[in-house]
Every structure is written in C-alpha cells, then in structure tokens.
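Q: coordinates only, no sequence provided:
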C-alpha cells in the first residue's frame, strides 16, 4: 500500500535572540509510538533534506533552517557566525517547543558535529543519533595541515570570491588521503574546471566559505559523555567517500568512541535527490536510514 506524502506545515519559533523557521511533515504528537525524526545540517537548511524526508511518509519528520541561515535570518544576538553550541541551544529549545521529545536525529556534515555536542549535553532530548560524515578535524592525524587547508579556502574566497572559494573547497574536501604540505603548496584550482564562475561576484558572506562557520570543524564534543552510550550514536559514512576528509574524520571519531562506522549509499551528500545539482541516492539512502533507525547497524 502506498502512503501519501504528508502535508508540510511551516512554523516560526520566536526565541529571545532568533526566529527559527521549521517544517513539520506529519502529526504532532505522532499518531504511532515512534518519535519524530529531525533532519539537521550546517550550513545546509531544510530544503536540502526534501528528497530524504520524502522517503519517510509514514513518520513525522521535522526540518529547520539553522540560526542566521535560509528563512531563519532574523537574529537579535548581534552576530553573524554559526557555532555548534548555538545550534544545540536552538535545537534543544525546538524539541521542547514541539513537545514531542525525545526524538530521532539524522544529522549531516556540520549538523553531525552539532549532533555529537547535542548528545553530550542534552542526552534526554534524543533517542538515536545518526551522525553522517561530521567534519571533525580534531579526529585526524593530519588535523593541523587540514585546518590550514580550510584556512586557505577562506583566504581564496576572501581574495577572489565564491567561484574560486568553492573550487578550493571542492579540491580540499575531495582529496583522497592525508593533507600534506605538498598538497597545500599547490596553486589554487581553476573554478572553470569544476564548472564554477570565474568572475568575482563581490559577496563575502557565504556561510560555508567565509569564517562564519570556522569553529564547526574544530569543535570537539565531550567524549566522556558520549562514551556513556546514551543516546546511542551511529556514525555514518558514504560508500563513495573513500579517504576524503569527511570519511577519515568519521572513522576517527568512531575510533575515539570505540564504535563501528556504518556505510550509507552515495557520498557526502548521498541523501540528496538523484535529479539535483549534486546528485545523490535518496531512495537507497532512505532505505538504509530506515534500517539503521530500526536497529540494524550492520556496517
């Protein structure tokens, strides 16, 4: 029997220093015994999870735009940066507001860094945390040169704009194996080779390429708290990611926690639509996530 997609309802949670816009697919409270499923990213917003959310028509799925991003640009804290700690505080408030906790969480990239901090600081908010490819540089043996690589990306962006900055970001994050001084000494890549614009558009506020999210890859969660096993954490890595930075960081975090790494279809954005600008495998990814949330964490 085919389940019809639930209506998407959009709400705004007004907190003292930010207005958080969030979407709810399904009923709250839920109609069955299963908790809501939150999908979070950083700096990705709710629209990045549309294809994956569509694979869970039988569950209540909540997505949102993080503080200062997308539809949640109304901030009253006088800042422009994004930090895992701020995102945790916002998510803790959102779960309390929804009145439907604890929740399952699927977290991608910078959102996965946040999910680990969230699990360490507010474990009662969460049932299962699936952290997919957190860019946790602290877990790398080459953490220092990798951090310099991200500093290079920000410098290229500051000097030459979004096309050049994104080309540098892609070159760094797709590099297979450790980041070496020789790699960092290479000339900045030509944006045209990635199909990116070569002209400088003049903007310098990109949340991925600027220094606004600089603390995300360096934030280290409380590993002692995470070792408690509550909530259970699943560290996911794309089968196509290989030894790129986020594959290696995921395995590094797993080693620190003494848990296995769970393989998911696709690469870093494997949950995206196959028809998108960065094609993923949302159908297969959704099936795998469903298995993992049901307790099948066979790697």
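A: Right, received. Where do you want to start? Since this is a predicted model, take the numbers as computed values, not measurements.
Q: ok, which stretches of the chain are strands?
A: Along the chain, counting by DSSP state E, strands occupy 8-15, 18-25, 37-40, 61-64, 103-108, 126-132, 233-238, 261-264.
Q: neighbours of the residue nearest to residue 214 when sequence neighbours are not counted, how many?
A: Distances taken as Cβ to Cβ, 6 or more residues apart in numbering put residue 154 closest to residue 214, at 7.1 Å, once the chain neighbours are dropped. From N, CA and C alone the C-beta is placed, and that goes for glycine too. Neighbourhood size, residue 154 [other Cβ atoms under 10 Å]: 20.
Q: for residue 154, what are its contacts?
A: 165, 209-211, 214 (Cβ atoms under 8 Å, 6 or more residues apart in numbering).
Q: and the strands of the chain as CSV, adding mean neighbour count and mean pLDDT?
A: Formatted as CSV, these follow (neighbours: other Cβ atoms under 10 Å; pLDDT from 0 to 100):
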stretch, mean neighbour count, mean pLDDT
strand 8-15, 14, 98
strand 18-25, 20, 98
strand 37-40, 27, 98
strand 61-64, 26, 98
strand 103-108, 26, 98
strand 126-132, 24, 98
strand 233-238, 25, 98
strand 261-264, 20, 98
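Q: tabulate those (JSON lines), appending distance to residue 177.
A: JSON lines is the format used below for these (distance: least, Cβ to Cβ, whole Å):
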{"stretch": "strand 8-15", "distance to residue 177": "41"}
{"stretch": "strand 18-25", "distance to residue 177": "39"}
{"stretch": "strand 37-40", "distance to residue 177": "29"}
{"stretch": "strand 61-64", "distance to residue 177": "34"}
{"stretch": "strand 103-108", "distance to residue 177": "23"}
{"stretch": "strand 126-132", "distance to residue 177": "21"}
{"stretch": "strand 233-238", "distance to residue 177": "15"}
{"stretch": "strand 261-264", "distance to residue 177": "17"}
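Q: thinking again about what came up before, what pLDDT does the residue nearest to residue 214 get?
A: Residue 154 carries a pLDDT score of 97 in this model.
Q: again, but for residue 298
A: You'll see residue 298 listed with a pLDDT of 59.
Q: do the same with residue 2
A: Note on residue 2: pLDDT of 49.
Q: residue 33 now?
A: pLDDT at residue 33 comes out at 85.
Q: distance of it relative to residue 159?
A: 54 Å (Cβ to Cβ, to the nearest Å).
Q: just residue 128 next, same as before
A: Counting by Cβ to Cβ, the gap from residue 128 to residue 159 is 43 Å.
Q: again, but for residue 170
A: Taken as Cβ to Cβ, the span from residue 170 to residue 159 is 17 Å.
Q: neighbour-wise, which of these two wins?
A: Using other Cβ under 10 Å, the more surrounded residue of residue 170 and residue 159 is residue 170, with 16 against 11.
Q: show me the contacts for the more buried one.
A: Residue 170 neighbours (Cβ under 8 Å, 6+ apart): 189, 194.
Q: switch to 6 Å and redo it
A: By Cβ atoms under 6 Å, 6 or more residues apart in numbering, the contact set of residue 170 is residue 194.
Q: in the protein, where is pLDDT below threshold?
A: Applying pLDDT under 70 to the chain flags residues 1-3, 297-299.
Q: who's the nearest residue to residue 251 once chain neighbours are set aside bridged to?
A: Leaving aside its sequence neighbours, residue 251 sits nearest to residue 261 (Cβ to Cβ, 6+ apart; 5.5 Å). Here residue 261 sits in beta bridges with residue 235, going by DSSP bridges.
Q: do the same with residue 105
A: For residue 105, the beta-bridge partners are residue 38, residue 129 (DSSP bridges).
Q: change the start of the numbering to 7 and stick with it
A: In the new numbering, first residue 7, that becomes residue 111.
Q: show me the contacts for it.
A: 44, 121, 132, 135.
Q: cutoff 8 Å now
A: Residues counted as contacts of residue 111 (Cβ under 8 Å, 6+ apart) are 43-46, 121, 124, 132, 134-136.
Q: from residue 164, how far out is it?
A: Residue 111 sits 33 Å away from residue 164 when distances are taken as Cβ to Cβ.
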